[in-house]
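# build the 3D model from these lines:
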Amino acid sequence: METRKRTTIAIDVILWIITAIPVINVLKECIYSAVHGTIPFVQSFGNVQTEMVYGFAAFMDTLQFYCIFFIVFVIAWGGLLVFTLGFTAYTYIFCKDAKKLEAHFFRKERWRIMTLQERAEKAVEMKLSGKYNCAQAVTTALADQTSLSEEQLKQISAGFCAGMGNLEATCGALIGAGMITGLKTEGQGTLGLTRQIQEEFARRCGALKCKDLKAMTDGKPLCPCEDCVRNAVLVFGETFGLD
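Next up, the predicted model:
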């Protein structure tokens with residue numbers, strides 16, 4: 001990303017140098033005419049003796065000469081200027097977002113080099129940090145399986161804590177795994193895979209609803225939130241063959 005950024009800036013600088021060279025040469029000729037004088041080019045075609053002009057009149061006369069007799073080059077230069085301005089705008093936007101894009105790709109690469117078990121434990125850490133609900137922990141840990149950023153997935157899954165909006169319905173961790181399934185499959189065959197994940201999740205955790213999973217037995221919940229998060233990531237990974 002950094003190499004591409006530097007290359008883009010270098011190309012932009014080169015384009016501006018190429019664009020500026022003809023302008024500098026023409027201005028040099030115009031200034032020379034203004035100082036040393038020139039014969040107005042319209043009148044110089046006749047045989048009548050014409051007085052030389054100086055200053056601004058000579059400057060404009062020389063400029064007019066170049067614009068008329070080199071019209072093709074002027075048009076080509078105008079096209080180059082428009083292209084250079086457009087490339088400069090692209091360079092500005094690219095460099096402005098480069099850091100954000102680099103961070104985005106780095107985060108995704110970070111998840112790819114983790115084993116499935118390490119990914120599941122990282123999801124549990126996020127849940128226990130208090131900054132992520134169950135759905136957010138799962139979707140973030142599986143972000144590299146989608147085209148969305150971690151922050152986007154965290155926002156999308158924000159309302160699915162404590163069983164769908166704190167109503168103790170379907171487990172948020174399971175919903176998170178279902179969301180990633182839909183994004184990864186792009187809606188093709190999603191239902192069957194989600195059902196498969198749901199059945200395996202229920203087998204491991206003992207229930208599907210948050211209320212049932214939190215039900216106390218001998219002073220302990222059937223399946224604590226961290227185990228639900230861990231199992232959701234593991235079941236998803238095993239279903240899609242993640243290492």
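# CA only for contacts and neighbour counts going forward, please
OK.
# ok, Thr38 - contacts?
By Cα atoms under 8 Å, 6 or more residues apart in numbering, Thr38 lies in contact with 52-54, 58, 62.
# among those residues, which one sits closest to Phe87?
Phe87 has its nearest neighbour among these in Thr62, at 31.0 Å by Cα to Cα.
# and the protein, what are its domains?
2-112, 116-239 (automatic domain parsing).
# any chance of the ones you listed in TSV, with mean pLDDT too?
As requested, those are arranged in TSV below (pLDDT from 0 to 100):
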stretch	mean pLDDT
domain 2-112	80
domain 116-239	93
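# pick the most buried one from those.
Among the domains of the chain, ranked by average contacts under mean count of other Cα atoms under 10 Å, first place goes to domain 116-239 (a mean of 20).
# just the contacts of Thr38: which are in helices?
Counted as lying in helices by DSSP state H, out of these, are 58, 62.
# save the contacts of Thr38 as CSV, and put in distance to Glu186 too.
Formatted as CSV, those follow (distance: Cα to Cα, whole Å):
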residue, distance to Glu186
Met52, 76
Val53, 74
Tyr54, 73
Ala58, 69
Thr62, 64
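# in the contacts of Thr38, find the pair that's most separated.
Using Cα to Cα, the pair of the contacts of Thr38 lying farthest apart is Met52 and Thr62, separated by 12.2 Å.
# what about Thr7, distance to Cys95?
The gap separating Thr7 from Cys95 is 11 Å, by Cα to Cα, to the nearest Å.
# please enumerate the helices of this structure.
Ranges of helices in the chain, per DSSP H, are 2-36, 55-69, 71-112, 116-128, 134-141, 150-156, 172-185, 190-205, 210-213, 225-239.
# can you redo the ones you listed as TSV with distance to Asn166?
TSV is the format used below for these (distance: least, Cα to Cα, whole Å):
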stretch	distance to Asn166
helix 2-36	44
helix 55-69	73
helix 71-112	29
helix 116-128	16
helix 134-141	12
helix 150-156	16
helix 172-185	10
helix 190-205	19
helix 210-213	9
helix 225-239	13
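# nearest to Met164, of the ones you listed?
Minimum separation from Met164 across the helices of the chain (Cα to Cα) falls at helix 172-185, 6.5 Å.
# off-centre distance for the closest one?
The chain centre lies 23 Å from the centre of helix 172-185; the measure is Cα atoms, centre = their mean, to the nearest Å.
# likewise for stretch 120-129?
Offset of stretch 120-129 from its chain centre (Cα atoms, centre = their mean): 26 Å.
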